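[1] Mind folding the following:
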Amino acid sequence: MTESAGTPDPGSAASADGPKNADHVFRSTPGIISGVLLLAVAAWLIVDAIVSGSGKTPWVALACAPLFAAPVIAYTIRPMVTAGLDRLVVRNPLRTIVVPWASVQGLRAAYSAELTAEDKTYQLWAVPVSLRQRKKASRRVMAGDLRPRPFQLGGTGQGGFRPPNAAVPGAPDQNRAWSDQVVDLLSEQARMNAVRPSAKGEVEVSWCWWVIAPTLAGLVALVALIAA
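    This is a model prediction of the structure:
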């Protein structure tokens, strides 16, 4: 599994009120690719049903479009984690969680990557945990293959680059799964930035209605067409 991350601005420097870094953006490349492929196949089937279908078929196809497309976009393309100077923004399929660094109580990657803030736990959908990656990393360590392996940054439109033999801050052992390295990076960001005056505040959670509303509308339209 290959994932992509945002890159720090090479020109950034420490300021008087704390460390200063560009936003780090993390997304799952396999998730995005699978979502695009699913949408392409669905679009082809829906258009074919609209053009070639008869009776209720074209209308059923139209009702299925938002019912299928919105969840696929939500669960494959939408998830993203953005680590800024003052806060961590977690964009999950149906919710967006904004957590000031001072409110972060913990980050961990077990069977899923999770964030704890204000005694609540939120899953990081954009950072999937791959047990296969962990097994491969463990085999490399057991075999004594401890050569530095670069953590690839880039691919999110921020001018990515791949620094040679670059380690993720907070994760000096590069023979580890991508999700574990990301969690270490976020933990390090939380530790460094929590002292900033602007990094304090309450957790904000908002629902993604542009995903929920079309899905419900498509479901209602489909049920109505079938019942008619």
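
[2] switch to C-alpha atoms for all contacts and neighbour counts from now on
    Will do.

[3] what are the ranges of the strands in this structure?
    Ranges of strands in the chain, per DSSP state E, are 4-5, 24-27, 80-83, 87-91, 95-100, 104-109, 113-117, 120-123, 204-207.

[4] can you put these in a markdown table and add distance to Leu219 and mean pLDDT?
    Below are the strands of the chain laid out as a markdown table (distance: least, C-alpha to C-alpha, whole Å; pLDDT from 0 to 100):
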| stretch | distance to Leu219 | mean pLDDT |
| --- | --- | --- |
| strand 4-5 | 34 | 48 |
| strand 24-27 | 29 | 93 |
| strand 80-83 | 27 | 96 |
| strand 87-91 | 24 | 97 |
| strand 95-100 | 20 | 97 |
| strand 104-109 | 35 | 94 |
| strand 113-117 | 31 | 95 |
| strand 120-123 | 27 | 96 |
| strand 204-207 | 19 | 97 |
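
[5] Dump those into a markdown table; add mean neighbour count and distance to Ala224 as well.
    Shown next, in a markdown table, are those (neighbours: other C-alpha atoms under 10 Å; distance: least, C-alpha to C-alpha, whole Å):
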| stretch | mean neighbour count | distance to Ala224 |
| --- | --- | --- |
| strand 4-5 | 22 | 42 |
| strand 24-27 | 24 | 37 |
| strand 80-83 | 22 | 35 |
| strand 87-91 | 24 | 32 |
| strand 95-100 | 20 | 28 |
| strand 104-109 | 19 | 43 |
| strand 113-117 | 19 | 39 |
| strand 120-123 | 14 | 35 |
| strand 204-207 | 12 | 26 |
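
[6] Take those and lay them out in TSV including distance to Ile50.
    Formatted as TSV, the strands of the chain follow (distance: least, C-alpha to C-alpha, whole Å):
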stretch	distance to Ile50
strand 4-5	37
strand 24-27	34
strand 80-83	34
strand 87-91	34
strand 95-100	33
strand 104-109	45
strand 113-117	41
strand 120-123	38
strand 204-207	32
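
[7] Run a quick check on Glu118 versus Val203, I expect a contact.
    Yes. Glu118 is within contact range of Val203, at 7.4 Å (criterion: C-alpha atoms under 8 Å).

[8] Which of the two has more residues huddled nearby?
    Taking other C-alpha atoms under 10 Å, Glu118 and Val203 do not tie; Val203 has more neighbours (18 against 11).

[9] so what's Leu38 up against?
    By C-alpha atoms under 8 Å, 6 or more residues apart in numbering, the contact list for Leu38 reads Val72.

[10] ok, how many other residues are close to Gly35?
    Neighbours of Gly35 using other C-alpha under 10 Å come to 20.

[11] excluding its backbone neighbours, what's nearest it?
    The spatially closest residue to Gly35, leaving aside those adjacent along the chain, is Thr76, at 5.1 Å (C-alpha to C-alpha, 6 or more residues apart in numbering).

[12] what's the answer for Val36, then?
    Sequence neighbours aside, Ile77 is the residue nearest to Val36 in space, at 7.8 Å (criterion: C-alpha to C-alpha, 6+ apart).
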